[in-house]
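Peer 1: sequence plus predicted model, see below.
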Amino acid sequence: MDAIVMLREDHAAVKKLFTRFDKGETSVVPTICDELDRHAAIEETYFYPEVKDVIPGRDLVLESIEEHHVVHMLIGELRAMDPGAETYRAKATVLIENVKHHIEEEESELFPAVREAFGRKDLQELGQRMSGSPEAAR
């Protein structure tokens, strides 16, 4: 599978989890955290290193890495909190808003730049490495 298609599918899956949260299903937060950790690990281990020195907008990748850093911090804080804590829902909302922004930037700026810089075969090979990763198996 093409690396970008794979990442977009992950984005779609996590957006469905966000919708459940938005409808009041706070119990989905641990699943959101797990899915975001898995997805971020794949991007950080395979996708970003492969594309950052090839695409003209290298800063897009560096910004994405920094956005992941914020997401990891929020996930760590959420996992350490009691789900009944007063700020739990608010912190989860901030996490989701940050990730929605990150997804929008990736899909509208980074992915088109990567698709333009890489051939179809290269993206399929990268996708194959990503899908065979331990993170993808989770």
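Peer 2: Received, thanks.

Peer 1: grab the nearest non-local neighbour of Ser133.
Peer 2: Spatial nearest neighbour of Ser133, chain neighbours left out: Ile42 (5.9 Å); criterion: C-beta to C-beta, 6 or more residues apart in numbering. (Each C-beta comes from the backbone N, C-alpha and C, glycine too.)

Peer 1: could I get the contacting residues of the one you found?
Peer 2: Leu7, Asp10, Met130, Ser133, Glu135, Ala136 (C-beta atoms under 8 Å, 6 or more residues apart in numbering).

Peer 1: try 7 Å this time
Peer 2: Met130, Ser133, Glu135, Ala136 (C-beta atoms under 7 Å, 6 or more residues apart in numbering).

Peer 1: what element comes up after the strand or helix carrying His39 heading to the C-terminus?
Peer 2: For His39, the host element (DSSP states H and E) is helix 29-42. Per DSSP H and E, helix 29-42 leads on to helix 48-51 as the next helix or strand towards the C-terminus.
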